[in-house]
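Engineer: Need a 3D model of the sequence below.
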Amino acid sequence: MTPRDVEVVVTDDDESAAKRVAELLADFAQTGSEIGLTGGSTPARAYEVAAELEPDWSRSSVWWGDERCVPPEDERSNFGLAQRTLFAKLDVQPGRVHRIRGEDEPAAAASTYDQELRGTTLDLLLLGLGPDGHVASLFPNAPALDEAERLAVHTESKLAPFVERVTLTPPALRSARRIVFLVTGAQKAEAVAAVLAGPPDPAVPGSLIRAESGETLAILDQKAASRLRD
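Structural biologist: You can find the predicted model right below:
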């Protein structure tokens with residue numbers, strides 16, 4: 001199966017995949033970039049290593065591709081994950097942190113983030129991938145996949161944790177200069193094949209996300225990439 005419009009890097013295991021992403025994060029942090037973060041256990045390790053590689057993020061701005069509608073101290077918060085695994089380990093904090101206010105009313109939080117994003121192009125956007133092929137909080141066949149004007153919207157979760165979400169829309173995601181999918185584990189292999197090598201399909205939201213004017217990169221461990229070699 002041949003990936004479609006994506007450069008693929010396959011590493012030995014989840015640790016080496018996290019380190020490859022950490023190197024990218026550190027490089028972009030050094031150059032004053034607009035960086036979009038994601039949630040999940042594998043990115044958490046990448047954040048820890050990135051803080052070791054580049055402990056001064058003062059030149060960079062940090063955003064999020066999506067957020068669970070919970071307070072920042074909630075263990076389900078994507079901001080909270082970055083706070084624990086990245087920001088708390090830095091010597092110098094990012095120059096600007098653009099947090100999605102998960103504690104606010106979801107539609108209002110989405111509207112606020114939409115306005116905050118206007119005029120900004122993300123230099124690096126890190127994305128995970130769900131076993132159902134969802135990306136950010138864009139779930140299979142969700143109405144938000146058809147959004148053409150707004151940059152952030154309120155959406156409902158179709159997988160645990162079942163809390164409301166705020167997510168960037170496809171136009172916002174595709175506008176990033178470099179999109180990086182980080183995916184590990186055999187349980188994601190089928191989704192990886194569908195997203196990277198299959199046709200664009202709203203039933204597999206990740207298949208709709210490619211950088212329109214930049215590069216799309218997938219960093220996978222061998223287990224996640226196994227179906228690409230079938």
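
Engineer: which residues in this protein form helices?
Structural biologist: Applying DSSP state H to the chain gives helices spanning 14-30, 41-53, 78-85, 106-117, 170-174, 189-197.

Engineer: check contacts around Ala26.
Structural biologist: Neighbouring residues of Ala26 by C-beta atoms under 8 Å, 6 or more residues apart in numbering: Ala50, Leu53, Glu54. The way it works is simple: take the backbone N, C-alpha and C, and place the C-beta from them, glycine included.

Engineer: Among these, which one has the most neighbours?
Structural biologist: Ala50 (28 neighbours; other C-beta atoms under 10 Å).

Engineer: Counting neighbours, what do you get for Gln115?
Structural biologist: Around Gln115 there are 12 other residues, counting by other C-beta under 10 Å.

Engineer: remind me which residues of the chain are low pLDDT?
Structural biologist: 1, 229-230 (pLDDT under 70).

Engineer: residues in contact with the nearest residue to Phe181 once chain neighbours are set aside?
Structural biologist: Distance criterion C-beta to C-beta, 6 or more residues apart in numbering; nearest residue to Phe181, sequence neighbours excluded, is Ala218 at 4.3 Å. Residues in contact with Ala218 (C-beta under 8 Å, 6+ apart) are Pro3, Val6, Glu7, Val8, Val9, Val180, Phe181, Val183, Val192, Leu196.

Engineer: if we can go back for a sec, of the helices of the chain, which stretch is the most buried?
Structural biologist: Compared across these, helix 189-197 shows the largest average neighbour count, a mean of 22 (mean count of other C-beta atoms under 10 Å).

Engineer: on contacts alone, who are the packing partners of that one?
Structural biologist: strand 178-183, strand 215-221 (3 or more C-beta pairs under 8 Å, 6 or more residues apart in numbering; DSSP states H and E).

Engineer: starting at the chain centroid, how far to it?
Structural biologist: With C-alpha atoms, centre = their mean, to the nearest Å as the basis, helix 189-197 stands 16 Å off its chain's centre.

Engineer: Just the C-alpha atoms of it, please, in CSV.
Structural biologist: Extracted in CSV, the C-alpha atoms of helix 189-197 (Å, rounded to 0.1, in the frame of the first residue of the first chain):
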residue,chain,number,x,y,z
ALA,A,189,-2.3,-0.2,12.0
GLU,A,190,-5.5,-0.5,10.1
ALA,A,191,-6.3,3.1,10.7
VAL,A,192,-2.8,4.1,9.5
ALA,A,193,-3.3,2.2,6.3
ALA,A,194,-6.7,3.8,5.6
VAL,A,195,-5.6,7.3,6.5
LEU,A,196,-2.2,7.3,4.7
ALA,A,197,-2.8,5.0,1.7
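
Engineer: Direction-wise, compare it with strand 215-221 and give the angle.
Structural biologist: Put simply, helix 189-197 runs at 160 degrees to strand 215-221, going by axes from the mean of the first three to the mean of the last three C-alpha atoms, to 10 degrees.

Engineer: re the thing from before, what about the helices and strands packed on helix 189-197, which gets the closest to Pro200?
Structural biologist: Nearest of the helices and strands packed on helix 189-197 to Pro200, taken as C-beta to C-beta: strand 215-221 at 12.9 Å.

Engineer: Okay, buried residues for the closest one please.
Structural biologist: The neighbour-count check on strand 215-221 (16 or more other C-beta atoms under 10 Å) flags Thr216, Leu217, Ala218, Ile219, Leu220, Asp221 as buried.

Engineer: Many thanks, I have nothing further to ask.
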